[in-house]
Structure formats: structure tokens, C-alpha cells
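Novice: the following comprises the amino acid sequence and a computationally predicted model.
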Amino acid sequence: MHAVEHTRSTSGHTRPRDAEQVTQPELREPELAKLPVPTLRAMLAAGLEARECCRVLKKGALNLVGEVLRGQGEFVEYSHYPADDVYDEESGAQYYYHAHRGLAGEHGHFHTFLRRPGAIVGAAPVEFPASEPWPAGDDEIAHLIAISMDAYGWPIGLFATNRWVTGDTWFRAADVIRMLDHFRIDHAAPSWPVNRWISAMVTLCRPHIEALLLRRDAVIAAWCDVHPGADVFEDCNLEITGQLDISADTMVHELQLLLGRDGGGN
């Protein structure tokens, strides 16, 4: 079993505050026109792949969330779907879907990870006097990004989180950004379209994910300044370190305008 447990719920605590309510390191949505052409081409190819996965699901009156919930019984908050997560042993990539935030417009979200990142990209966890143990060695795991989904089963946003939310091993943003290259689910269980879609989304949204990860570290640093001596990574008052709305279709359209309909560019 490769499931990552949600190590702490918010019951018994006040409603977690977003980072914006305490400190506001700058978060800018990436300007696609300023990105290198090879990056834009890779994003467009991934966007077309993601769109194709959605197309074939819609054609069968299906959606991304419904695929991971299929055959899983009653939908219960905080539970992982599928029950043992989705894991690619070859790449170390992993994801699961669940719901608990109750935000307007969001049904739930996918959490994405890379297992054994130290072995895969040579990254080392940050040095910190943690009050709770972090997964280590063969259990080492890094949270990459979360993808918000609407009630119709389609993506609407991205967000980054504090460590306690997913119980992962904490790596610097620069190292997590390098891990994005290795997120790939290359098998058909439980759904080939969903696995292809989520792999493609990490590439399509790469600049947005990078911005969120860099802001994540800035928020953590600012929080430490305000709460000296506390274990920021276990502070339930800090849950979300940044979020961005996304529209895959809008991004694909903008990329096509920048590169030409065939994606050739200049």
C-alpha cells in the first residue's frame, strides 16, 4: 500500500486560515507570452493531451472525478480515492483524490506526489527541528501540487499546502520544481484517461506550479518570522500557502495564439 495519510484534520481547531490572511508574499500568475518557445510548445502538447483525455470521457458521459470514484463505494470526506492511491513504481509518481475543504465551487481535489525524491533527483529534505517525524528513507515523499475540481469533475484551480496537510517530507521549492519532470503515471489503473490527464496537467500548468511552490516557501519563511520558535510545518492555522484559478481550455487557446494553431511558433 502506498497511501499517504492525511495526518491531521481540522476538527478541534479553528478553521485554518489561508496564508493571505497573515502574510502576503507576492504571487503573480505567469505571463505565457514571456516564456521561451520550447516551454510553450511542451505546454501546448500537454494541453492538447489533457483536452483529448477530457474529450473521450465526455463522449462517454464520464468525467475525471467520476473515474476515480467508480467502484469505490460511498464518498466520504478525507478518504482517499482510489483507496490505495494511484502509484507508478517506475517513476515514483503518486496521486489521490479527496474532499474536505468545502470551498465554494470545489467538489474536491487531487494531491500529487513524488516518492523517493532523494533517490530520483538527488534532493535532500530541509534541515529543521521538526516536532513531528517526517517520512524518510524509502518512505520519503514530496507533495508537488493539488488540483481543485468542480462539481462536474473538471479542473478549476491549483494550490500549494503546508506540510501537515499531506504528511510529506519537506523539500525546498527549487528541488520540488525539479521533481515535476518525473511526475508521470504510465499505466492504465484505475483509469487510463485520468492518468494521462493528470500527467499532462503538471506539464501544462508548470509555470503556475512553479510560482505556487516559490510562494509556498516565501509564506513559510514569513510565517516563521511572525512565529519564532514554533514548528511552522505543524501549525494548523497555516494550511493553504497559495492558490491560482486555472482553465485548461483557456491556456490551450492562448498557447495556440502565441505559437500558431499548429504549435510551431517562430
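Specialist: Done, it's in.

Novice: what sits against Gln94?
Specialist: Residues near Gln94 by CB atoms under 8 Å, 6 or more residues apart in numbering: His2, Val4, Asp85, Val86, Tyr87, Asp88, Thr112, Phe113, Leu114, Arg115, Ile141. Quick note: C-beta positions are derived from backbone N, CA and C, even for glycine.

Novice: lowest-confidence entry in those?
Specialist: Of all the contacts of Gln94, Val4 has the smallest pLDDT value, namely 47.

Novice: need the per-residue pLDDT for Glu52.
Specialist: Glu52 is given a pLDDT of 97.

Novice: so how far is Ala189 from it?
Specialist: 20 Å (CB to CB, to the nearest Å).

Novice: helices of the stretch 1-150 of the chain, start to end?
Specialist: Secondary structure of the stretch 1-150 of the chain by DSSP state H, counting those that start in this stretch: the helices cover 37-59, 64-69, 117-121.

Novice: flag the shaky bits of this protein, pLDDT-wise.
Specialist: 1-25, 101-104, 261-266 (pLDDT under 70).

Novice: and the residue nearest the centre of it?
Specialist: Nearest to the mean C-alpha position of the chain, by CA atoms, centre = their mean, lies Ile145 at 1.9 Å.

Novice: where's the nearest residue to that residue once chain neighbours are set aside, which helix or strand?
Specialist: Nearest non-adjacent residue to Ile145, counting by CB to CB, 6 or more residues apart in numbering: Ile209, 4.8 Å away. In this structure, Ile209 sits in helix 206-226 according to DSSP states H and E.

Novice: may I see the buried residues of that helix?
Specialist: 206-220, 222-224 (16 or more other CB atoms under 10 Å).

Novice: would you put the C-alpha positions of that helix in PDB?
Specialist: C-alpha atoms of helix 206-226 as PDB (Å, rounded to 0.1, in the frame of the first residue of the first chain):
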ATOM      1  CA  ARG A 206       4.200  24.000 -15.000                       C
ATOM      2  CA  PRO A 207       4.800  27.800 -14.700                       C
ATOM      3  CA  HIS A 208       1.800  28.200 -12.400                       C
ATOM      4  CA  ILE A 209       3.000  25.300 -10.200                       C
ATOM      5  CA  GLU A 210       6.500  26.800 -10.000                       C
ATOM      6  CA  ALA A 211       5.000  30.200  -9.000                       C
ATOM      7  CA  LEU A 212       2.900  28.500  -6.200                       C
ATOM      8  CA  LEU A 213       5.900  26.500  -4.900                       C
ATOM      9  CA  LEU A 214       8.200  29.600  -4.700                       C
ATOM     10  CA  ARG A 215       5.400  31.500  -2.900                       C
ATOM     11  CA  ARG A 216       4.900  28.500  -0.600                       C
ATOM     12  CA  ASP A 217       8.500  28.800   0.600                       C
ATOM     13  CA  ALA A 218       8.100  32.600   1.000                       C
ATOM     14  CA  VAL A 219       5.000  32.100   3.000                       C
ATOM     15  CA  ILE A 220       6.700  29.600   5.300                       C
ATOM     16  CA  ALA A 221       9.600  31.900   5.800                       C
ATOM     17  CA  ALA A 222       7.400  34.800   6.600                       C
ATOM     18  CA  TRP A 223       5.300  32.700   9.000                       C
ATOM     19  CA  CYS A 224       8.500  31.700  10.800                       C
ATOM     20  CA  ASP A 225       9.400  35.300  11.300                       C
ATOM     21  CA  VAL A 226       6.000  36.000  12.800                       C
END
